[in-house]
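In: Build me a model:
(2 chains)
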Amino acid sequence: GQNIDQPTEMTATEGAIVQINCTYQTSGFNGLFWYQQHAGEAPTFLSYNVLDGLEEKGRFSSFLSRSKGYSYLLLKELQMKDSASYLCAVRDAGLTGGGNKLTFGTGTQLKVEL
Amino acid sequence: EAQVTQNPRYLITVTGKKLTVTCSQNMNHEYMSWYRQDPGLGLRQIYYSMNVEVTDKGDVPEGYKVSRKEKRNFPLILESPSPNQTSLYFCASSLSPSTSSYEQYFGPGTRLTVT
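Out: Have a look, this model is predicted:
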């Protein structure tokens, strides 16, 4: 099974940088995803890490350390539209299902203020 | 336009009345999945399908059924809905995990209320 922890809420200022952490425990790790979800809408894909290190994509970056069971999502030059819930999800390399069972954390609600 | 569609978007029903939520994708994805999202619990996987006629249980399969007779469709069936199945449901699809890109694309969601 999997256990995923991320902070419930964070607040940051427009134009600033914010780091959202995610720790996980899994019986078989096969990749970590970050999704963004605005209230009442579907989650949208932000990033994917399967190897250790930093993946950068515009204002968003994601880091993974498999030995520590740790990831973070870094958002730079924050904008008001970045106010949303950020979901960390871990793919399980289980014996069944071909390693595609995805478990989500409960999400971090980010509020960007002026 | 590449998308995942769900119907209905909103449904209010009564306990015990069978219902089906449809899900369809036009991206030729092998993998499809159903989730429910509840406050404080996040997204939890109900069932998933690796390909046609291949389905498997997620974390919360009790009270639900699925079928995958065609690649594009993955309906969620509640044979006898109960109030604890009141939730926001999302369908998602992706390429097979054996490929290099298998981010999941989510449908718009179905808000179900069972009274």
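
In: Please identify the residues of chain B in proximity to chain A?
Out: Chain B comes close to chain A at residues B:31, B:33, B:35, B:40-45, B:48, B:50, B:56, B:58-59, B:90, B:96-98, B:102-109, as judged by CB under 8 Å from any CB of the partner chain. For every residue, glycine as well, the C-beta is placed using N, CA and C.

In: show me the contacts for residue B:112.
Out: For residue B:112, the contacting residues are B:11-13, B:19, B:21, B:81, B:85-89, by CB atoms under 8 Å, 6 or more residues apart in numbering or on different chains.

In: Of those residues, which is the nearest to residue A:81?
Out: Comparing those against residue A:81 with CB to CB places residue B:88 closest, at 21.8 Å.

In: How about residues contacting the least confident helix or strand in chain A by mean pLDDT?
Out: Each helix and strand of chain A was given a mean pLDDT (mean pLDDT, DSSP states H and E); the minimum falls on strand A:101-104 at a mean of 84. Strand A:101-104 is touched from outside by A:2, A:4, A:26, A:33, A:35, A:87-92, A:94, B:33, B:35, B:42-45, B:48, B:56, B:58-59, B:104, with contacts defined as CB under 8 Å, 6+ apart.

In: Quick one: name whatever helix or strand follows it.
Out: Next in sequence after strand A:101-104, counting helices and strands by DSSP states H and E, comes strand A:108-113.

In: For the closest residue to residue B:51 other than its chain neighbours, report the pLDDT, please.
Out: Leaving aside its sequence neighbours, residue B:51 sits nearest to residue B:30 (CB to CB, 6 or more residues apart in numbering or on different chains; 4.8 Å). At residue B:30, the model reports a pLDDT of 91.
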